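S.K.: pasted the sequence and its predicted model underneath.
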Amino acid sequence: MPANRLMLPRTSRPATGIVHLGLGAFFRAFGCVYVADAMQAAGGDWGIVGVSLRSPDTRDALKPQDWAYTSVTLTPDGPQTRVIDVLNDVLVAPEDPQAVLDAMCDPGVRIVSLTVTEKGYCHNPATGALNMGHPDILYDLTHNLPRSAPGYLVRALQQRHAAGIAPFTVLTCDNLPHNGALVRGVVLDMARRIDPALADWIAENGRFPATMVDRITPATTDEDIKTVETLTGLHDAAPVMHEPFRQWAVQDDFVNGDRPDLAAAGAQLVDDVAAFEDMKLRMLNGTHSALAYLGYLAGHETISDTVADPAFAAYVRHCWEEIMPAVAAPPGVDLTDYADALFDRYANPAIRHRTWQIAMDGSQKLPQRLLGTLRANLDAGRDSPALCLAVAGWMRYVAGKDEAGQPIDVRDPLADLMRDTATDSATGTVAALLSLDQIFPADLAAQLAAPVSLAAATLWAKGASSAVQEVTQ
């Protein structure tokens with residue numbers, strides 16, 4: 001172990017007020033920073049216990065550092081570092097699920113937050129309903145020690161109810177439309193199947209505020225760890241790298257109004273997050289996915305590499321022209337200015353956000369990032385050739401071979417099904433993948449068949465670079 005490992009001598013620390021499920025790089029670069037700023041500005045006991053739902057890697061990296069780590073802001077003028085020390089512990093759920101439930105049932109814990117990605121909610125992306133065929137859900141319905149994020153929420157709330165402890169606020173921080181309502185629905189559905197009285201108690205007393213979160217956070221690499229050691233003179237095994245921009249819009253609806261002073265940290269506390277959420281999901285996440293699939297197929301490693309290509313720079317702006325008529329701007333926001341700011345963020349050469357990373361779990365992301373906009377445009381009689389090309393790009397990507405015939409490492413819960421469903425032809429692949437009702441509602445699939453087939457024919461015949469040029473002419 002390096003002698004100069006990052007370590008903060010802490011004689012005291014805030015009591016734990018938050019348990020966070022899914023402690024990955026994003027929440028450490030985003031939520032932990034906001035909470036640190038909120039406590040610095042307004043005090044309060046809002047220390048965080050993180051929970052890794054799968055791997056011990058984050059716990060093992062942070063424990064020798066007493067849970068502190070370096071937050072690195074990647075600006076075009078150079079990196080800026082800051083040590084974040086709001087974590088009190090990191091638990092690994094598969095090793096000791098009871099310890100996780102015990103932490104969630106501590107009366108001092110008033111918030112359980114989540115960044116478990118779209119697939120972590122074990123729902124059907126096309127409908128938002130709890131996926132009753134999911135093996136973890138089937139397990140959690142009959143076992144007190146759960147495996148899934150919804151299972152942990154329900155079983156912890158069940159124990160709090162039995163002990164006469166108020167419920168915690170469930171604060172989802174994942175990119176899902178109406179994310180608060182979605183996780184509430186999933187939790188109530190599972191709770192009702194376990195104990196209808198429990199579901200009634202949660203429905204009456206629980207709170208599930210909606211949120212919109214935004215900060216581009218690439219996966220940390222070994223090279224990043226070396227860079228941080230050079231910058232600080234200390235070895236940090238788990239730094240987080242992120243862009244300067246951050247935005248957190250939060251519906252101000254917490255159990256007993258109990259929360260950190262997030263507004264003091266720069267968050268927007270609002271009555272309705274929907275407009276912020278819709279704008280971000282469609283304009284940022286939608287174009288991020290479009291650039292990821294088509295950029296990857298064109299041989300671009302990162303988003304900044306992709307938009308440095310003039311053809312893709314024109315393409316993403318054309319996507320925004322198709323998206324903006326389907327977006328109601330939040331108060332005080334000009335969508336054209338928002339798109340310009342997004343482009344500048346994408347083009348930041350210091351952010352090495354890999355197209356392959358963004359392309360993960362597309363079957364879970366497509367409905368909210370692209371399909372909602374496509375449906376709105378179809379309903380309004382507007383054509384969407386650039387967005388249809390993005391869907392075709394996703395189809396070519398998940399079919400599992402790139403334009404040179406080399407295999408693609410597709411990371412997706414439906415990867416095997418999609419690869420086996422795809423055919424060797426553009427037309428056959430479009431028809432086959434549109435038939436997957438886990439992703440495409442039947443009525444929308446029928447409307448998309450012709451325009452996506454047209455885009456796919458160009459993509460398969462001419463490749464991604466030529467296809468994006470044609471769609472912008």
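M.R.: Perfect, thanks for sending it. Every value quoted in this text rests on a predicted model; they were computed, and no experiment measured them.
S.K.: so the spatially closest residue to Gly44 that is not a sequence neighbour: helix, strand or coil?
M.R.: Leaving out its chain neighbours, the residue that sits closest to Gly44 by Cβ to Cβ, 6 or more residues apart in numbering is Pro260, at 5.7 Å. Yep, even glycine has a C-beta here, placed from its N, CA and C like the rest. Classification of Pro260 by DSSP: H, G, I helix; E, B strand; the rest coil places it in coil.
S.K.: give me the distance between Pro260 and Ala399.
M.R.: Per Cβ to Cβ, to the nearest Å, Pro260 is found 45 Å from Ala399.
S.K.: so these two - more neighbours on which side?
M.R.: Pro260 (26 against 22; other Cβ atoms under 10 Å).
S.K.: from what I can see the more buried one touches Val35, true?
M.R.: Yes. Counting by Cβ atoms under 8 Å, Val35 is a contact partner of Pro260 at 5.5 Å.
S.K.: quick one, longest helix in the protein?
M.R.: The longest helix of the chain (DSSP state H) is helix 442-462.
S.K.: buried residues in that one?
M.R.: Buried residues in helix 442-462, counted by 16 or more other Cβ atoms under 10 Å: 444-445, 447-449, 451-460.
S.K.: and for Gly185, the neighbour number?
M.R.: By other Cβ under 10 Å, 17 other residues sit near Gly185.
S.K.: ignore the last one, His143
M.R.: His143 has 12 nearby residues by other Cβ under 10 Å.
S.K.: equivalent analysis for the one 10 residues further on, please.
M.R.: Summarising burial for Leu153: neighbours were counted as other Cβ under 10 Å, giving 28.
S.K.: now do Cys105
M.R.: 19.
S.K.: name the nearest residue to it, ignoring sequence neighbours.
M.R.: Cys105 sits nearest to Gln159 (Cβ to Cβ, 6+ apart), 4.9 Å away.
S.K.: and that neighbour, what element?
M.R.: In this assignment (DSSP states H and E), Gln159 forms part of helix 149-163.
S.K.: what does that helix rub up against?
M.R.: For helix 149-163, the surrounding residues in contact (Cβ atoms under 8 Å, 6 or more residues apart in numbering) are 21-22, 51, 53, 93, 97, 100-101, 104-105, 112, 114, 116, 120-122, 130, 136-137, 139-140, 144-146, 166-168, 170, 183, 186-187, 190-191, 194-195, 198, 201-202, 206.
S.K.: try stretch 41-54
M.R.: Contact with stretch 41-54 is made by 13-23, 27, 32, 35, 38-39, 58-59, 86-94, 100, 103, 108-109, 116, 120, 149, 152, 260-261, 264-265, as judged by Cβ under 8 Å, 6+ apart.
S.K.: in strands, which of those fall?
M.R.: Of the contacts of stretch 41-54, the ones assigned to strands by DSSP state E are 16-21, 87-92.
S.K.: ok, so of these, who is nearest Glu470?
M.R.: Leu21 (44.1 Å; Cβ to Cβ).
S.K.: for Ile408, see how far away that closest one is.
M.R.: Leu21 is 30 Å from Ile408, by Cβ to Cβ.
S.K.: check Pro218 too.
M.R.: Between Pro218 and Ile408 the computed distance is 20 Å (Cβ to Cβ).
S.K.: more neighbours: which of those two?
M.R.: Pro218 (23 against 18).
S.K.: which ones are touching that one?
M.R.: Pro218 neighbours (Cβ under 8 Å, 6+ apart): 25, 241-242, 351-354, 357.
S.K.: now it: which helix or strand?
M.R.: Counting by DSSP H and E, Pro218 is found in no helix or strand.
S.K.: excluding its backbone neighbours, what's nearest it?
M.R.: Per Cβ to Cβ, 6+ apart, closest to Pro218 is His353, 4.4 Å.
S.K.: neighbours of that neighbour, how many?
M.R.: 25.
S.K.: so it makes contact with Ile303?
M.R.: Yes. In this structure, His353 is within contact of Ile303 by Cβ under 8 Å, at 4.9 Å.
S.K.: okay, now the domains of the chain?
M.R.: Listed by automatic domain parsing, the domain ranges of the chain are 16-270, 274-471.
S.K.: which residues of the stretch 101-250 of the chain fall in helices?
M.R.: Taking DSSP state H, counting those that start in this stretch, the helices of the stretch 101-250 of the chain run over residues 135-140, 149-163, 179-194, 196-205, 222-232.
S.K.: of those helices, which is nearest Gln364?
M.R.: helix 179-194 (12.1 Å).
S.K.: and that closest one, what does it pack onto?
M.R.: Under the contact criterion of 3 or more Cβ pairs under 8 Å, 6 or more residues apart in numbering; DSSP states H and E, helix 179-194 touches helix 149-163, strand 169-172, helix 196-205.
S.K.: pLDDT of the last one, averaged?
M.R.: Think helix 196-205. For helix 196-205, mean pLDDT is 98.
S.K.: same question, the shortest one
M.R.: The average of the pLDDT scores along strand 169-172 is 98.
S.K.: just the CA trace of that strand, in CSV.
M.R.: C-alpha atoms of strand 169-172 as CSV (Å, rounded to 0.1, in the frame of the first residue of the first chain):
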residue,chain,number,x,y,z
THR,A,169,-38.1,9.5,2.4
VAL,A,170,-37.2,7.5,-0.7
LEU,A,171,-35.1,9.9,-2.9
THR,A,172,-34.4,8.4,-6.3
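S.K.: where does this protein dip in pLDDT?
M.R.: Within the chain, the ranges that satisfy pLDDT under 70 run 1-3, 8-11.
S.K.: Asp224: how many residues sit nearby?
M.R.: Residue crowding around Asp224 was assessed by other Cβ under 10 Å; the count is 20.
S.K.: nearest spatial neighbour of it, skipping sequence neighbours?
M.R.: Met241 is the one closest to Asp224 (Cβ to Cβ, 6+ apart), at 5.4 Å.
S.K.: how about Tyr34?
M.R.: That would be Ala265: by Cβ to Cβ, 6+ apart, it lies 4.7 Å from Tyr34.
S.K.: what do you get for Leu414?
M.R.: Ser363 (4.3 Å).
S.K.: and Gly233, by the same measure?
M.R.: Setting aside the residues directly before and after it, Gly233 is nearest to Asn4 in space (Cβ to Cβ, 6+ apart), at 6.4 Å.
S.K.: contact partners for that neighbour?
M.R.: Contact analysis of Asn4 by Cβ under 8 Å, 6+ apart lists 233-235.
S.K.: how close does Pro107 sit to Ala166?
M.R.: In this view, Pro107 and Ala166 are 8 Å apart by Cβ to Cβ.
S.K.: one more: Ala376?
M.R.: Ala376 is 40 Å from Ala166, where distance means Cβ to Cβ.
S.K.: now the next helix or strand after the longest helix of the chain - C-alpha only, PDB.
M.R.: For helix 442-462, the succeeding helix or strand toward the C-terminus, using DSSP H and E, is helix 464-471. Taking C-alpha atoms only, helix 464-471 is exported to PDB below (Å, rounded to 0.1, in the frame of the first residue of the first chain):
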ATOM      1  CA  ALA A 464     -23.000   5.600 -39.400                       C
ATOM      2  CA  SER A 465     -20.800   8.500 -40.600                       C
ATOM      3  CA  SER A 466     -22.600   8.700 -44.000                       C
ATOM      4  CA  ALA A 467     -26.000   8.200 -42.400                       C
ATOM      5  CA  VAL A 468     -25.700  11.100 -40.000                       C
ATOM      6  CA  GLN A 469     -24.600  13.300 -42.900                       C
ATOM      7  CA  GLU A 470     -27.600  12.300 -45.000                       C
ATOM      8  CA  VAL A 471     -30.100  12.900 -42.200                       C
END
